[in-house]
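# Okay, structure incoming, though there's no sequence with it:
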């Protein structure tokens, strides 16, 4: 391929942020000059001038790439959720209990949490195209092994391979989507990726379960691998080489951790995600046992929860740039409010359904805002910053599930929302004091703090 995508730059705090790519001949890929300064993903910026000569055709190509990346995100999130619906079948096949096979979920989450940063540091200097295609190739091979697993150990080993690909994929995916986005469309690009992940909950997991019930769980994993193969082919044909000028090394960590906004976001997501998953980890039994829903209605409600993510993506894409403070305030107050209302609104199935839709909207918006702000506040080491974000998020998932389990064992299932809400209040107070003052109403303002 004789062309590469060159980085244009927006500027925040006097530092270049690569939020768009420009097509240039390969001979010009090494450096683009503006006002006597090199421009790249993490190069020093001058006065907020863009290097971008995009055309309608170029924008169309970028949107098409974003669609394929969103499809790939859908596949990667589907495989994370699919085992939840297949645990009984896997347990029966291997003659194990469901509590044992649930290790497929627990170990996966903790492995991603522990390995996201080390793996990103290990591959961080390679061309983004090579990283992306390599990660998808590992994903495909791991699912092929899952599909022919003769025992649980083999299946677990294959899932750890998937977890490795997951850890790297989510460290580069959101920054890459923001980079690829046409001018002024960074929020829309990230919204497309989140839509792909939401559809995994709405379509991917139910479809995987249906395939597993009729054809066997191995076929489900094989189908996920087949879908990934299609994504691999499309990206191999469409995605040009993308020079990686990110400072993805251990040396970048001190600078990242010196950012008060970025470290504040990390603390906030740990607390808020722990709070959320203290309740959400047990949403299925809660809806059935406390809200009195049938199996079918519970499934529908969980799908509506995921579908709310699409609405969050639309709102974020259209309005976030000019209303950052309002959006941040919404998620900061929305997470504790949702958890505290979990039990009171379970008095009626219709109230519970409406509540779950609102809760889904809040938490999907939480994902969008916190990840976008992580990217925005780490222009010189975005992939490393997002890998830390991913690690902390997964630690929060595991921690929240653990806290919720303790509440159920020591008190009752109906109390998980109250305990999660108490943790969320701590997150809210921290965010209001540490983060809210830094938020301005325009995400694209140059030379502004956070």
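Cool, got the structure. Being a predicted model, the structure only gives us computed values, none of them experimental. Residues are numbered from 1 along each chain as shown.

# quick one: the strand or helix carrying residue 117 to chain centroid distance?
In the assignment (DSSP states H and E), residue 117 maps to helix 103-123. Remark: helix 103-123 is offset 14 Å from the chain centroid, using C-alpha atoms, centre = their mean, to the nearest Å.

# Buried residues, the next helix-or-strand element following it. List them.
Sequence-wise, the next helix or strand downstream of helix 103-123 (DSSP H and E) is helix 128-147. Residues 128-129, 131-133, 135-136, 138-147 are the ones in helix 128-147 that count as buried (16 or more other C-beta atoms under 10 Å). The way it works is simple: take the backbone N, C-alpha and C, and place the C-beta from them, glycine included.

# Could you tell me the angle between the helix or strand following helix 128-147 and helix 128-147?
For helix 128-147, the following helix or strand on the C-terminal side (DSSP H and E) is helix 152-180. Helix 152-180 and helix 128-147 are oriented at 150 degrees to each other (axes from the mean of the first three to the mean of the last three C-alpha atoms, to 10 degrees).

# Following the chain past helix 152-180, name the next helix or strand.
Downstream of helix 152-180, the first helix or strand assigned by DSSP H and E is helix 186-199.

# Tell me which other helices or strands that next one touches.
The contact analysis (3 or more C-beta pairs under 8 Å, 6 or more residues apart in numbering; DSSP states H and E) places helix 186-199 against helix 56-94, helix 152-180, helix 295-319, helix 349-376.

# Please repeat the previous calculation with a cut-off of 10 Å.
On a contact count with 3 or more C-beta pairs under 10 Å, 6 or more residues apart in numbering; DSSP states H and E, helix 186-199 meets strand 15-25, helix 56-94, helix 152-180, helix 295-319, helix 349-376.

# mean confidence for that helix?
Helix 186-199 shows a mean pLDDT of 73 in the predicted model.

# got the buried residues for the helix or strand following that helix?
Remark: after helix 186-199, the chain's next helix or strand is helix 205-215, criterion DSSP H and E. Using 16+ other C-beta under 10 Å as the test for burial, helix 205-215 gives 205-209, 211-212.

# do the same with stretch 383-394
So stretch 383-394, judged by 16+ other C-beta under 10 Å, has buried residues 383-394.

# For residue 300, grab the count of nearby residues.
14 (other C-beta atoms under 10 Å).

# Who are the contact partners of the residue lying closest to it once chain neighbours are set aside?
Among residues not flanking residue 300 along the chain, residue 353 sits closest, at 7.9 Å (C-beta to C-beta, 6 or more residues apart in numbering). When contacts are counted by C-beta atoms under 10 Å, 6 or more residues apart in numbering, residue 353 is found next to 287, 291, 293, 297-298, 300-301, 304-305, 345.

# Try it again at 8 Å.
297, 300-301, 304 (C-beta atoms under 8 Å, 6 or more residues apart in numbering).

# Now, of the residues you listed, which are buried?
297, 301.

# and which of the contacts of residue 353 is nearest residue 235?
Distance ranking of the contacts of residue 353 against residue 235, using C-beta to C-beta, places residue 304 first at 31.4 Å.

# Look up the pLDDT of the closest one for me, please.
Residue 304 is assigned 85 on the pLDDT scale.

# what's the spacing between it and residue 358?
Separation of residue 304 from residue 358 (C-beta to C-beta, to the nearest Å): 10 Å.

# ok, now residue 414?
To residue 358, residue 414 is 19 Å away according to C-beta to C-beta.

# In contact with the most centrally placed residue in the chain, which residues?
Closest to where the C-alpha atoms of the chain average out (C-alpha atoms, centre = their mean) is residue 170, at 6.2 Å. Residue 170 makes contact with 76, 116, 386, 390 under the criterion C-beta under 8 Å, 6+ apart.

# and if you look at residue 274?
Contacts for residue 274 (C-beta under 8 Å, 6+ apart) come out as 396, 399-400, 403, 423.

# returning to what we had before: now render the contacts of residue 170 as JSON lines, adding pLDDT and distance to residue 256.
As requested, the contacts of residue 170 are exported to JSON lines (pLDDT from 0 to 100; distance: C-beta to C-beta, whole Å):
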{"residue": "76", "pLDDT": "87", "distance to residue 256": "25"}
{"residue": "116", "pLDDT": "78", "distance to residue 256": "14"}
{"residue": "386", "pLDDT": "79", "distance to residue 256": "11"}
{"residue": "390", "pLDDT": "81", "distance to residue 256": "14"}
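
# List the buried residues for the helix holding residue 117?
Within helix 103-123, the residues scored as buried using 16+ other C-beta under 10 Å are 104-105, 108-109, 111-113, 115-117, 119-121, 123.

# Export the residues you listed as JSON lines, with columns for distance to residue 325.
Below are these laid out as JSON lines (distance: C-beta to C-beta, whole Å):
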{"residue": "104", "distance to residue 325": "41"}
{"residue": "105", "distance to residue 325": "37"}
{"residue": "108", "distance to residue 325": "36"}
{"residue": "109", "distance to residue 325": "32"}
{"residue": "111", "distance to residue 325": "37"}
{"residue": "112", "distance to residue 325": "32"}
{"residue": "113", "distance to residue 325": "30"}
{"residue": "115", "distance to residue 325": "35"}
{"residue": "116", "distance to residue 325": "30"}
{"residue": "117", "distance to residue 325": "30"}
{"residue": "119", "distance to residue 325": "35"}
{"residue": "120", "distance to residue 325": "31"}
{"residue": "121", "distance to residue 325": "34"}
{"residue": "123", "distance to residue 325": "36"}
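
# So which of the residues you listed is the closest to residue 81?
Nearest to residue 81 among the buried residues of helix 103-123, counting by C-beta to C-beta, is residue 105 at 9.3 Å.

# Hmm, that closest one is touching residue 82, no?
No: look at residue 105 against residue 82 with C-beta atoms under 8 Å: they stay out of range, at 10.1 Å.

# Quick check: closest non-adjacent residue to residue 172.
Once flanking residues are discounted, residue 172 sits nearest to residue 383: 5.4 Å by C-beta to C-beta, 6+ apart.
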